[in-house]
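Q: the sequence and its predicted three-dimensional model are supplied below.
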Amino acid sequence: MTTKLFGAKVPRVEDQRFLRGQGRYVDDLLTDDPRLLHAAVLRSPHAHARIVDIDVSDVLDLDGVVAVWTWDDLTGPMAEPLPLLIPHPTLTHGRTQYALARDEVNYVGEAIAFVVAVDRYVAEDAVARIRVDYEHLEPVVGIDAARAARRTVHDDVPDNVGARMEQENGDARAAIAAAPHTLTLDLDIERSACTPMEGRGTVARWDPDTSRLTVWSSTQTSTGVRGCVAAKLELDLAKVDVITPDVGGGFGVKVVHPWPEELLVPLAAKTLGRPVKYTEDRREHFISSAHERAQQHHVEVGFDDDGRVLGLDVEFWHDHGAYTPYGLIVPIITSTQLLGPYKPQNYRVAFESLYTNTVIVTPYRGAGRPQGCFVMERTMDAIAAYLGKDRTEVRSTNFIQPDEFPYEHGLVFQDGRELTYDSGDYPASLAKLKELVGWDEFEEFRAEMAAQGRKVGIGLACYVEGTGVGPYEGAHVHIETSGKVKVATGLTTQGQGHQTAFAQIVADTLGVRFEDVEITTGDTRKMPYAVGTFASRAAVMSGSAIHLAALRAKEKALRIAAEALEASEDDLEIADGVVSVKGTDASIDLGTVAVLSNPLRYAFDEASKAATQFSVGDPGKPPVAEDDEPGLEGKDFYSPPRSTFANGMHAVIVETDPDTAEITILKYAVVHDCGHLINPMIVEGQIHGGVAQGVGGALYERMAYDESGQLLNASFMDFLMPYVTEVPTSIDIDHLETPSPLNPLGIKGAGEAGVIPSAAVFAAAIEDAEGFPITAMPISPSELFELRLAHADEPHPTSPSLGS
Amino acid sequence: MSAPTPEELHDVRLHVNGSVHEVHVPARRLLSDALRHDCGLTGTHVGCEHGVCGACTVLVDGRPVRSCLMLAVSAVDSEITTVEGLTEADGSLSPVQQAFSDCHGLQCGFCTPGFLTAITAGLEENPDPTEDEAREMVAGNLCRCTGYQNIVKSVLRAAEIQAEAGQERS
Amino acid sequence: MKPAPFAYLRPATLEEALAALAGQQGAKVLAGGQSLVPLLSMRLAAPSTLVDINALPDLSHVAVSDDGVRIGALARHAEVLASREAAERQPLLAMALSHVAHATIRNRGTTVGSLVHADAAAEMPMVLRLLEGSVDVASVRGRRTIPAAELFAGPLESTLAQDEIAVEACFPALAPGAGVAFQEIARRHGDYALVGVAAHVETDGGEVTRARVGFVSVSDVPVVVDVTDSLDDPASAALAELEPADDIHATAAYRAHLVKVLTPRVLADAVHHARDRKKS
């Protein structure tokens, strides 16, 4: 293929509507429809309680209230628990909630009743009038309480254990026992959450004339929502359309489906015969949309004098919240991706996935990898400190080498496939990172700063990220008679610039003008076969599918053009939407080729006139050949054998204030390898965003639950998402482009990468500055201060450096 | 609990982007909701409804204000500018809007209107900001996608575009 | 997050506003609304009536005289902050105001409103106390002046009666030979301070004759401590009067530590300030 636009920093086409305030997010839809109704949800104020009675008698006489639902009003599949989306054999005690709580609530925020009214204000008035009698139960909050299991979340789940899973390659415990050196680490990561700027939202309209349901949802999977809505409302799939409009950020939380409201809104719209909208507010987002991250790890590692890991044994405890709709994806990813770019000779990992009376846990950007990276990188740093070696040296010793790909870990990944890395060049990445951050010059800088009474530290962290997970995505490419190219792919978009990046692929593959390509995503009317946008998969999956579909369209265009131009297909080329015979003036517009591809009976414009029955075709043959179809289209699917593995390394220099324990970022460097870049501007934007989200996760954000299971910081006042003033003033980025052999474009995913090494890299740098181990993240100045007190009695090391 | 008497509605004349919108709203209607649902100007987005995120920022008499922290009835005497009102009369992008496109200053676009309005007012006050001043200009707005790097660049780029346009005019 | 219903009045005169307030038990005053509206939206406050004073005339002033700075009930933080005269007459105003939330909030929020909201985590109530200013309040019963020392009753509770409107605050001028300073530590730029400290010193020929320190976020009500007699260890003297508490952002010990770090720094800054003013 020509690479005219692929790889170029093409400005985004979607920006035009966003910048003018003309984006259409779910809450913007149907605002001028006077029949539109608005929903609000009564949510549990208690973390753990039995519902004794729900009294809604005061609600319906409130002016403006149209309807109210509780579990008692639900029938058929709607009255059954929500689906367990990703079952796993080891998830022996999977539990999901009901769309509306049946007789027990298991977290503050669980939906109990659903009110529909003329506006959201009145709907909230109504919610305030519902009276619920609760019988309080003792809540289980936090991993310690879940492990202690003095009480349980679900009566029928002993010890709060939803799943126990173990994988092993080699004999880790024997290798550790035999190793020259061993270390033990206990590590902690707290809860956090995606918190996109737009919360969840769903609008539905039932059309009684056609008996069709249209659902617009701020989701990461249109087809997933469609399947669930059809099943739960007992509608034929063909009667349900799900459209994902502009989405104000996802980061994982919107891949969970169906959220209760994604079913209740369509149910209400169908029952009431009026369109219904639900827009989650910020408080609801904190207490009812999924969280992630909380894990406790126990690590035992055995290594030789060079720091080579001979055996690694990790046990961890994963807090999955009150229910398990998304199965074990997060802890499985942690357990496998923990390995990063390294090849421990023997590895065993075992985890327990635990119930707590808190919001459900499902993937948040990085999806279990930040925890795994934290654990592995802390281990690498501990080994380096123990041996007195440079931290980069220990990592180099353990790297998988470029000639070892494909590298098989002997484990099973989150997609049920073998964990096999496809490509990468970790030593080259590390060399770039050291250069970029000034690793070798840091001791000089440290001394300079120390002379001024200032304390600095440097850290690095490496990760490998399985991206482009299957099963498949598809694309449909249609060249219209105007020459315009309409492309549909089924996965959704939430800010990644797919309309631009995918159009770049089409323009190059097909040889058309970028401006003539229009991409539609997430609309089941246009592409009913799709999976969704998560796991850094959109570019790999839909990008590849679009490329393949465009190739099919091109193939057909060349065939028809060759006939029209009386030339051999091999002599044709397509550029700027014109097919021409190489080295001659003979040419035909793709639009005309499209006309020729569709033999017509009726003329409705000049172009179609040229395709009518008296104008084209061999009268001796059928107008459409037996093995052909009308129209200039191409459709294809991409389904890879397994994931492709991107990688990267981050380094940070921090300053810790000796008096106030404030932590300031002085330099942040990223080396990133996601194979070939479709649009480097977009990829760098993804990295910037990931790094900022990582800074949030490492230094500012957490979900602060009290013992009774109340979330104490359910607002942006107290959940400290970074402003511009909290992120690095610049992020130095260098790319390595190691193509993936698994897809036609050689690309790997880039969406989640920026956030994966944050906890690890900040812990390393703060540890380096302070001279004592950092074993729990996130860390605040207050916590750093308390750690300083706890370590005050220890002899101060002459150099705070832990082997840098 | 007895049903309260039906809520009183107020006739409110809102001056938005040079047009007058006559809306009929209860006192509690937030300005953000009135703009979006009563005036149909859905470019102003609601991200938190407690005044922290800045997505709903509009200009009230030229100054950036959180529209979720104002009541529509309280906005009667003010001239309001929303993101829809930033675009030039000929339909082209304003310098700030253009700069965001040039610098990839937006991803999902949800927080963007709040940044655009705040920066438009900020550059009015300080047409030639330093990088630190650019940062300060956007310091009250949350963005979850961009990591702010390109937003700060956009502020500086917008100042450049404005300066170029000013030179051309003079 | 939408407010519960309330009746709404937008009086055109102060007299009307006071009458409305007097006639309604559950009425509340709406000025900038930057603290009140979130409380309404979270339904943590549900007044029966809101008396919107934004249309009242003659309350937007930032009047600077020899005595000090008089700030009308409708003067926005941003307007006070923008006043060079105010900053010259009482420099602590601008020093502290630049830490009040973010610029967008300051464009709408009023300084007087912030005072009567009486949040011990907010900067301006403490500043008023430190400067020994006052607030003028009006009601149908007449007008009175409440000295800052008597303004704060408890957490988020002022001593204004339900029917009173704060119409003006008075921040005294900084006397010759006096100096002020302010520093705070917040988790994020623009957040409420974990600890904020302001100092006011009076000097005579280079000698500190009086030193007082005010604190944000380490007590239930704004606290000012006279440290004139404990300048060798002002923080310990201050901590004896303070009640730092644990919350999700910081431990009490950390807050106490920040008091220890910031108090001498801010006092030193204030002494420098006094000295620099003398020079200029």
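A: Yes, it's here.

Q: check whether stretch A:654-674 contacts chain B.
A: No: on the criterion CB under 8 Å from any CB of the partner chain, stretch A:654-674 is out of touch with chain B, staying 10.0 Å away. Where C-beta positions appear, they are placed from N, C-alpha and C, glycine not excepted.

Q: run the chain-centre distance for that stretch.
A: Centroid separation for stretch A:654-674 versus its chain: 25 Å, with CA atoms, centre = their mean, to the nearest Å.

Q: same check on stretch A:766-783?
A: The gap between where stretch A:766-783 is centred and where its chain is centred comes out at 28 Å by CA atoms, centre = their mean.

Q: for C:Gly142, grab the count of nearby residues.
A: Other residues near C:Gly142 come to 9 when the count uses other CB atoms under 10 Å in any protein chain shown.

Q: ok, what's across the strand from it?
A: C:Ser139 (DSSP bridges).

Q: quick one: the strands in the stretch 101-250 of chain C?
A: If DSSP state E, counting those that start in this stretch is used as the criterion, the strands of the stretch 101-250 of chain C fall at C:134-139, C:142-147, C:152-154, C:157-158, C:165-172, C:178-186, C:193-204, C:207-216, C:223-226.

Q: and if you look at the stretch 151-300 of chain A?
A: Secondary structure of the stretch 151-300 of chain A (DSSP E, counting those that start in this stretch): strands at A:161-169, A:181-189, A:201-207, A:212-217, A:240-243, A:276-279, A:295-303.

Q: what sits closest to the closest residue to chain B within the stretch 401-550 of chain A if chain neighbours are left out?
A: Using CB to the nearest CB, the closest approach of the stretch 401-550 of chain A to chain B is made by A:Gly495 at 3.0 Å. Nearest non-adjacent residue to A:Gly495, counting by CB to CB, 6 or more residues apart in numbering or on different chains: B:Cys108, 3.0 Å away.

Q: quick check: the one you found touching B:Cys145?
A: Yes: the pair B:Cys108 / B:Cys145 is scored as a contact, 5.2 Å apart, by CB atoms under 8 Å.

Q: between those two, which contacts overlap?
A: A:197, A:249, A:495 (CB atoms under 8 Å, 6 or more residues apart in numbering or on different chains).

Q: who's in contact with the residue nearest to C:Leu174 when sequence neighbours are not counted?
A: Distances taken as CB to CB, 6+ apart place C:Gln90 nearest to C:Leu174, at 5.3 Å, with adjacent residues excluded. Neighbouring residues of C:Gln90 by CB under 8 Å, 6+ apart: C:68-69, C:131, C:171-174, C:180.

Q: quickly check: stretch A:253-270 near chain C or not.
A: No: Stretch A:253-270 lies apart from chain C when judged by CB under 8 Å from any CB; the minimum separation is 15.8 Å.

Q: hmm, that stretch in reach of chain B?
A: No: against chain B, stretch A:253-270 shows no contacts by CB under 8 Å from any CB, the least distance being 11.1 Å.

Q: tell me how far that stretch lies from the chain's centre.
A: 20 Å.

Q: model confidence score at whichever residue of chain C sits closest to chain B, please.
A: Nearest residue of chain C to chain B: C:His102, at 2.8 Å (CB to the nearest CB). According to the prediction, C:His102 has pLDDT 94.

Q: wait, it touches C:Gly190, no?
A: Yes: between C:His102 and C:Gly190 there is a contact at 4.5 Å, judged by CB under 8 Å.

Q: spit out the residues that contact those two alike.
A: With CB under 8 Å, 6+ apart, C:His102 and C:Gly190 have common neighbours B:139-140.

Q: more neighbours: those two, which one.
A: C:His102 (23 against 19).

Q: circling back to that earlier point, now tabulate the strands of the stretch 101-250 of chain C in a markdown table and tack on mean pLDDT.
A: As requested, the strands of the stretch 101-250 of chain C are exported to a markdown table (pLDDT from 0 to 100):
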| stretch | mean pLDDT |
| --- | --- |
| strand C:134-139 | 98 |
| strand C:142-147 | 98 |
| strand C:152-154 | 94 |
| strand C:157-158 | 95 |
| strand C:165-172 | 98 |
| strand C:178-186 | 97 |
| strand C:193-204 | 97 |
| strand C:207-216 | 97 |
| strand C:223-226 | 96 |
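
Q: how about the ones you listed in a markdown table, adding distance to A:Ala269?
A: Below are those laid out as a markdown table (distance: least, CB to CB, whole Å):
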| stretch | distance to A:Ala269 |
| --- | --- |
| strand C:134-139 | 52 |
| strand C:142-147 | 56 |
| strand C:152-154 | 49 |
| strand C:157-158 | 46 |
| strand C:165-172 | 47 |
| strand C:178-186 | 45 |
| strand C:193-204 | 47 |
| strand C:207-216 | 50 |
| strand C:223-226 | 56 |
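
Q: please identify the most buried of the ones you listed.
A: Greatest average neighbour count among the strands of the stretch 101-250 of chain C goes to strand C:193-204 (a mean of 24), per mean count of other CB atoms under 10 Å in any protein chain shown.

Q: of the strands of the stretch 151-300 of chain A, which approaches chain C most closely?
A: Going by CB to the nearest CB, the one of the strands of the stretch 151-300 of chain A nearest chain C is strand A:276-279, 10.4 Å.
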